[in-house]
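>>> requesting a structural model of the entry that follows:
(one chain, ligands or ions: 2)
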Amino acid sequence: MNKETKTIYDAVLREAPEEEPARQYYFMERVRELVELKKSEGYTAAAMVNVIGCQMSAKDGEKLQGILERCGYRSSTDADDSDIILFTTCTVRENANQKLYGRIGRLKHQAERREGMILGITGCMMQEKDEVETIQKKYPYVKLIFGTHNIYKLAELLYSTLMREKRTVEIIEDTKLIVEDLPSERRYRFKGAVNISYGCNNFCTYCIVPYVRGREKSRSAADILRECERLVQDGAKEITLLGQNVNSYGKDLNGGYSFPELLRMVAGLPGLRRIRFMTPNPKDFSDELIEVIRQHENICRHIHLPMQSGSSDVLKRMNRHYTKESYLELARKIRTKLPDVTLTTDIIVGFPGESDADFQDTIDVVREAGFDSAFTFLYSRRTGTPAASWEAVPEPVMKERFERLLSAVRESAAEREGKDEGRIMEVLVEEKNAERQGMLTGRLSNNILVHFEGPDELVGEMARVKLERSMGFYYIGCLAGACDCPQT
Ligand code: 5AD
Ligand code: SF4
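Numbers count the residues shown, from 1 in each chain. Ligands and ions are numbered 1, 2, ... in the order given. A predicted model of the protein is given here:
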C-alpha cells in the first residue's frame, strides 16, 4: 500500500461507525467508490458466488451476492469472466472438502493471470483450523478467507483486501451477535429461505456442525416475520424456514416463541402460499407441531425427519436422544395425523461400532416407516468430533451395507410412488425444462416434481396440474383444463 492509499485507508477505518449494520453499509459505499474508480480503468466488476453444501450455505450465498451487488458488482455466472469469485463451503463430510479443493485448484491459472482478481472462501470449512492452514500454505492465490460468523462483514473485508492488495484472513471462533437488515439477493423471485436460528447445541457425536456453526442462536420472531413479510411483498410464494434444529427454536430466547408458535404466525401471513422448514429433529418433534401443520394448508406436506440409524444402541452412541421404537412411533403418528405427507430422512451407514444387527435395525425401520425417499451417507470421520477416535467399520463392509440400504430405500419408495396419479393438484412452477422446449417443471406441496407442458410465463406461479402418469419419483402432468385428457 503506498503512503497516499494508507492515509485514505486509515481515515476510512477511523470514520467507520461502530454499530452494525451501519458499519457494513458504510463499507459497501466505500467499496462502491473504489469499484467506480476501477471501472474507468477497464475493470468489469463481475462477481460470482459458488455454493457448496446445504440450504444454509445457499442462503449465505444469497447474502454474499446481495452485499456484492450493493458494492457495485454485477452478478456473473462465468468464472472466466469474474473479478471476484467467492465460495461458501461445507465440511459435513470429507467429500465436500475435496470438492472445494478441486474447484479452487482449477481456478489457479485465472486467479494468477487476471489483474486484481479476488478469489475468496467462506463458510463451514473455514471454521476448521487445519483447512485454513492448508489453504494459506498451498493456495497463495486465495486472497480472502473468512468464516461462518462474519459473513455479514464481507464489505469490510473486501475493502481491506482491495486497499491493501494483500490477503485478508479473519476467522471468529463463535459469536452471540446476529446482524439484521443486510442486503440479500434471492436466486429465485418466487421462493426464498429465512434463517430462524444459527448453530446447534445437540452435539451428535459424528457431526461437525456445532463446532463450525457455533452455539444455537435464535433470531427474534419479529425479525423473522418482518423478513417473511418483505419476501411475500416482493413476490415470494414459498418460504423455507431454516435452522439446524428448528424444533429448538426460541429456547435460547428468554420467554420467546416456540417453533410451533412461530410456524403458526408465519403460516398466517397473508399471501404466503407455501411454507417449508428444515430441519426438525425427531427427539423434540411435538404433537403441537403436528397439529399446527394439520391446521394450515399452506404448510407443505413434506416432513424431512433425519433418522441417522435404526439401531437404538447406535442412536445412543450418536447422542440422538431417541430410540428405534420412539422414532417409529413418531413416524406412525405423523402418517396417521397427516396422511398426505411425504416422509423423507437422512441415514448414515457405517457409524463406528455399527454391527450387522444394528444395520439390520436400520433396514427394518426403513421398511416399517415407509419413507418416500432418503438421503443415504457413508459415515465420514470428522476431526474433533467424539466419534472420530472410535473404531471404524471396515470400508468394504460399509459399502456392502450402503448398497443393501439403497435397495431397501428404493423398495420402500416404490411402494408409495404414484399414489396421487390421476389427481389434480397445485404445483409451484419452478423452471422451464432445460431439455424439452415447452415443458415446465414444478413441485407439489409434498415436494414431488411434476413435468408438464405450459407457457414460460407460468414460471414462478401456482398452477393446477393433473398428474397423468407416475414416472417413479416424478409425475408427467398436464395443465388442468388445457388438454383433452379426461379431468377428474
Ligand atoms: N458422516 C456422514 N454423514 C453425516 N451427516 C452429518 N455428519 C456426517 C458424517 N460425519 C449427515 C447426517 C445429517 C446430514 C445433513 O448429513 O445424516 O442429517
Ligand atoms: Fe449435526 Fe446433530 Fe446438530 Fe444436526 S442436530 S447439525 S446432525 S449435531
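>>> point me to the residue of the stretch 51-200 of the chain nearest ligand 2.
Distance from ligand 2 to each residue of the stretch 51-200 of the chain (Cβ to the nearest ligand atom) is smallest for residue 200, at 3.4 Å. For glycine as for every other residue, the C-beta is placed from the backbone atoms N, C-alpha and C.
>>> list the contacts for the most centrally placed residue in the chain?
In the chain, the residue lying closest to the centroid (Cα atoms, centre = their mean) is residue 55, at 0.9 Å. Residues in contact with residue 55 (Cβ atoms under 8 Å, 6 or more residues apart in numbering) are 193, 240, 242, 278.
>>> mind checking which of the residues you listed are buried?
Buried by 16 or more other Cβ atoms under 10 Å: 193, 240, 242, 278, out of the contacts of residue 55.
>>> parallel or antiparallel, list what pairs with the helix or strand hosting the first one.
The one in question is residue 193. Element membership for residue 193, per DSSP states H and E: strand 191-195. Looking at strand 191-195 with DSSP bridges, its partner strands are strand 238-242 (parallel).
>>> list the helices and strands the very next helix or strand once past the partner strand packs on?
With elements assigned by DSSP H and E, the helix or strand that comes after strand 238-242 is helix 259-267. Using 3 or more Cβ pairs under 8 Å, 6 or more residues apart in numbering; DSSP states H and E as the contact test, the elements touching helix 259-267 are helix 221-233, strand 238-242, strand 274-278, helix 287-295.
>>> among these, which comes closest to ligand 1?
strand 274-278 (9.8 Å).
>>> roughly how far is whichever strand or helix holds residue 56 from the heart of the chain?
For residue 56, the element it lies in under DSSP H and E is helix 55-70. Computed by Cα atoms, centre = their mean, to the nearest Å, the chain-centroid distance of helix 55-70 equals 11 Å.
>>> what's the answer for stretch 367-386, then?
For stretch 367-386, the distance to the chain centre is 17 Å (Cα atoms, centre = their mean).
>>> of all the contacts of residue 55, which two lie farthest apart?
193 and 278 (8.3 Å; Cβ to Cβ).
>>> quick one on the thing from earlier: okay if I get the helices and strands packed on helix 259-267 as a markdown table plus mean pLDDT and distance to residue 309?
Shown next, in a markdown table, are the helices and strands packed on helix 259-267 (pLDDT from 0 to 100; distance: least, Cβ to Cβ, whole Å):
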| stretch | mean pLDDT | distance to residue 309 |
| --- | --- | --- |
| helix 221-233 | 97 | 32 |
| strand 238-242 | 98 | 24 |
| strand 274-278 | 98 | 20 |
| helix 287-295 | 98 | 23 |
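>>> can I get the ones you listed in TSV with distance to ligand 2?
TSV is the format used below for the helices and strands packed on helix 259-267 (distance: least, Cβ to the nearest ligand atom, whole Å):
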stretch	distance to ligand 2
helix 221-233	20
strand 238-242	12
strand 274-278	11
helix 287-295	16
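>>> now do the helices in the stretch 1-150 of the chain.
3-15, 22-39, 55-70, 94-106, 108-113, 129-138 (DSSP state H, counting those that start in this stretch).
>>> ok, stretch 365-385 near ligand 2 or not?
No. Judged by Cβ under 6 Å from any ligand atom, stretch 365-385 makes no contact with ligand 2; its nearest approach is 8.9 Å.
>>> how about the residue of the stretch 51-200 of the chain closest to ligand 2, phi and psi?
Backbone torsions for residue 200, taken as degrees, to the nearest 10, come to phi -150, psi 140.
>>> count the residues that sit near it.
21 (other Cβ atoms under 10 Å).
>>> just checking, it touches residue 249?
No. With contact defined as Cβ atoms under 8 Å, residue 200 does not count as touching residue 249 (11.8 Å).
>>> circling back: could I get the CA-only coordinates of the helix holding residue 56 as CSV?
What follows is helix 55-70, C-alpha atoms only, in CSV (Å, rounded to 0.1, in the frame of the first residue of the first chain):
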residue,chain,number,x,y,z
GLN,A,55,-29.7,-24.7,2.1
MET,A,56,-28.0,-22.8,4.9
SER,A,57,-24.9,-22.4,2.7
ALA,A,58,-27.1,-21.4,-0.2
LYS,A,59,-28.7,-18.7,2.0
ASP,A,60,-25.2,-17.5,2.9
GLY,A,61,-24.5,-17.3,-0.8
GLU,A,62,-27.6,-15.1,-1.3
LYS,A,63,-26.3,-12.7,1.5
LEU,A,64,-22.9,-12.5,-0.2
GLN,A,65,-24.5,-11.8,-3.5
GLY,A,66,-26.7,-9.1,-2.0
ILE,A,67,-23.7,-7.4,-0.4
LEU,A,68,-21.6,-7.6,-3.6
GLU,A,69,-24.4,-6.0,-5.7
ARG,A,70,-24.6,-3.2,-3.2
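>>> buried ones in that helix, by neighbour count?
Buried residues in helix 55-70 (16+ other Cβ under 10 Å): 56-70.
>>> with stretch 327-346 instead?
Neighbour-count burial for stretch 327-346 [16+ other Cβ under 10 Å]: 327, 328, 330, 331, 334, 338, 341, 342, 343, 344, 345.
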